[in-house]
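Engineer: here is a sequence with its predicted model. Questions after.
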Amino acid sequence: MTSYVSQELRQSVNSRANSVCEYCLIHESDTFLGCQVDHIIAEKHGGATLLDNLAYACTFCNRSKGTDIGSIASSTGEFTRFFNPRADRWSDHFLLEGATILSRTPIGEATVQILGFNEPSRLDERGALQEIGRYPPNEAVV
């Protein structure tokens, strides 16, 4: 089941996020494939197509997350929900060390792992953007 996300709602999500992926903090203009509107809690899990359940996500984060809502955190061995941009502060769960996004919590750990934040190509991309002063972007809410 996929609900229609109106242009107005899509623009509200983009504006609130300052055109930055709310998961990995890459600016939309720095990605070849841009960003998309993501259901934080997927519709198949009862999530609604409302502003409070939508996040702006780069294509890589959105595709990696899919309809998942969490994973097993290896530090605890327990099912752990993903980072929720509407309920969590990025800096409470993640730490940027160079181009690497490290986890501070089991929530961060599950998110880093499943969304593939530190895949080699993504590290290369963020490293190159850091060299020219574009990552993290000034618009990112950390």
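Structural biologist: Yep, it's here. Fair warning: this is a prediction, and the values are worked out from it, not measured in the lab.
Engineer: going forward, measure contacts and count neighbours with C-alpha atoms only.
Structural biologist: Noted.
Engineer: which parts of this protein are strands?
Structural biologist: 35-39, 54-58, 70-73, 78-81, 94-97, 100-103 (DSSP state E).
Engineer: please work out the average pLDDT along the fifth one.
Structural biologist: So the one you mean is strand 94-97. Across strand 94-97, the average pLDDT comes to 97.
Engineer: that one pairs with which strands, and in what direction?
Structural biologist: Strand 94-97 pairs in its sheet with strand 100-103 (antiparallel), by DSSP bridges.
Engineer: residues in contact with the strand it pairs with?
Structural biologist: Defining contact as C-alpha atoms under 8 Å, 6 or more residues apart in numbering, one finds that strand 100-103 is touched by Cys24, His93, Phe94, Leu95, Leu96, Gly108, Glu109, Val112, Phe117, Asn118, Leu123.
Engineer: filter the residues you listed to the buried ones?
Structural biologist: Buried members of those, counted by 16 or more other C-alpha atoms under 10 Å: Cys24, His93, Phe94, Gly108, Glu109, Val112, Phe117, Asn118, Leu123.
Engineer: pick out the most distant pair among those.
Structural biologist: His93 and Leu123 (18.6 Å; C-alpha to C-alpha).
Engineer: which residues touch Tyr56?
Structural biologist: Per C-alpha under 8 Å, 6+ apart, neighbours of Tyr56: Val13, Asn14, Ala17, Ser19, Val20, Cys21, Glu22, Cys35, Gln36, Val37, Asp38.
Engineer: next, work out how far apart Gln11 and Cys35 are.
Structural biologist: Distance, Gln11 to Cys35, using C-alpha to C-alpha, to the nearest Å: 12 Å.
Engineer: who has more neighbours out of the two?
Structural biologist: Comparing Gln11 with Cys35 by other C-alpha atoms under 10 Å, the one with more neighbours is Cys35, at 25 against 15.
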